[in-house]
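Asker: Got a sequence here, can you build the structure:
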Amino acid sequence: MSALLLQAPPVAAADGSAVGPEGQRLAVSRSSGLDPAGETVTVTGSGYNTEKGVYVAFCVDNGAGKTPTPCVGGVDMSGESGASVWVSSDPPSYGEGLAKPYGGSGHGGTFEVRIKVRAKDANTDCAAAGVTCAVITRNDHTRGGDQSQTVRVPVTFANAGGSSSGSGSAKPSASATAGADATGGSGDGGATETDDGSMASTGSGLVLPLGLCAAGLVAVGTGAWLWARRRRTAAPSSS
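Answerer: Below you'll find the predicted structure:
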């Protein structure tokens with residue numbers, strides 16, 4: 001009598017987790033009904049290639065094969081905002097002490113980090129209709145265009161009535177694509193990202209000098225008017 005072989009059914013990823021293209025597993029402590037104003041979640045990963053650094057962030061999901069971008073709060077190159085974490089066991093010299101190293105080795109890299117997830121910033125609204133955002137991993141700027149470690153866990157937010165929002169299609173709306181070539185961010189300047197994942201400056205530092213110039217022109221104009229008025233007042237009347 002031949003033995004009956006039963007094949008185990010595939011295991012679907014539970015809510016709050018996803019499997020990557022090379023078997024990486026990404027899990028988020030909470031992925032639905034989050035506070036739109038911001039909520040800190042724990043993100044864990046396993047099965048990552050430790051030779052490739054990744055960003056852990058919250059970004060617009062642009063679909064399979066495309067880099068998730070822009071990211072709410074930007075990709076944090078300073079390590080100060082809490083909006084993202086850079087994980088790398090072999091970062092460039094400027095990343096030493098900033099990037100968090102993997103646990104494990106080879107293709108068994110692990111990490112556990114915490115990031116703050118919020119619905120929107122000055123450039124991106126993840127609660128808008130038609131916008132899907134996710135907690136993601138993606139290869140860092142040293143490997144632009146390499147999607148081998150892009151993994152997504154979709155996130156939804158609670159609205160005023162207590163239900164969830166932000167679970168539309170993966171195609172971003174106009175509110176998301178307005179800064180689609182950048183990482184998002186608060187609009188205060190800093191690093192943005194080009195299509196290949198490399199970093200570039202925003203040029204938004206021009207705002208302050210322009211403001212100062214405007215204030216200076218107003219001051220000069222006011223001073224000239226007062227000077228002319230004093231001259232007219234002090235001039236002797238004709239006899």
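Asker: So what pairs up with V153 in the strands?
Answerer: For V153, the beta-bridge partners are V135 (DSSP bridges).
Asker: Is it in contact with A134, as I believe?
Answerer: Yes. Contact criterion CB atoms under 8 Å: V153 and A134 qualify, at 5.5 Å. All C-beta atoms are positioned from the backbone trio N, CA, C, and that covers glycine.
Asker: Are we agreed that P91 is in a helix?
Answerer: No. Counting by DSSP: H, G, I helix; E, B strand; the rest coil, one finds P91 to be coil, located in no helix.
Asker: how many other residues sit next to it?
Answerer: 18 (other CB atoms under 10 Å).
Asker: And for R25?
Answerer: 16.
Asker: now swap in C126 and tell me
Answerer: 30.
Asker: what does R143 give?
Answerer: That count, for R143 with other CB under 10 Å as the rule, works out to 17.
Asker: go on, E112?
Answerer: E112: 15 neighbours (other CB under 10 Å).
Asker: Please report the distance of it from L34.
Answerer: 19 Å (CB to CB, to the nearest Å).
Asker: My reading is that R138 is in a strand; is that accurate?
Answerer: Yes. Under three-state DSSP, R138 sits within a strand.
Asker: Can you name the residues that contact it?
Answerer: 54-55, 57, 59, 67-68, 147, 149-150, 197 (CB atoms under 8 Å, 6 or more residues apart in numbering).
Asker: residue ranges for the helices of this structure, please.
Answerer: 174-177, 207-234 (DSSP state H).
Asker: For the ones you listed, which has the smallest mean pLDDT value?
Answerer: Note on these: helix 174-177 shows the lowest mean pLDDT, a mean of 34.
Asker: So for stretch 110-122, mean pLDDT?
Answerer: For stretch 110-122, the per-residue pLDDT averages 96.
Asker: and that stretch, C-alpha only, in PDB?
Answerer: Presented in PDB, the C-alpha positions along stretch 110-122 are these (Å, rounded to 0.1, in the frame of the first residue of the first chain):
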ATOM      1  CA  THR A 110      17.600  40.500  11.400                       C
ATOM      2  CA  PHE A 111      16.600  43.800  13.000                       C
ATOM      3  CA  GLU A 112      14.100  45.300  15.400                       C
ATOM      4  CA  VAL A 113      13.500  49.000  15.300                       C
ATOM      5  CA  ARG A 114      10.800  51.600  16.200                       C
ATOM      6  CA  ILE A 115       9.600  54.300  13.800                       C
ATOM      7  CA  LYS A 116       6.900  56.900  14.100                       C
ATOM      8  CA  VAL A 117       4.100  56.500  11.600                       C
ATOM      9  CA  ARG A 118       1.800  59.500  10.800                       C
ATOM     10  CA  ALA A 119      -0.800  60.000   8.100                       C
ATOM     11  CA  LYS A 120       0.700  63.000   6.300                       C
ATOM     12  CA  ASP A 121       3.400  65.700   6.100                       C
ATOM     13  CA  ALA A 122       3.700  68.800   3.900                       C
END
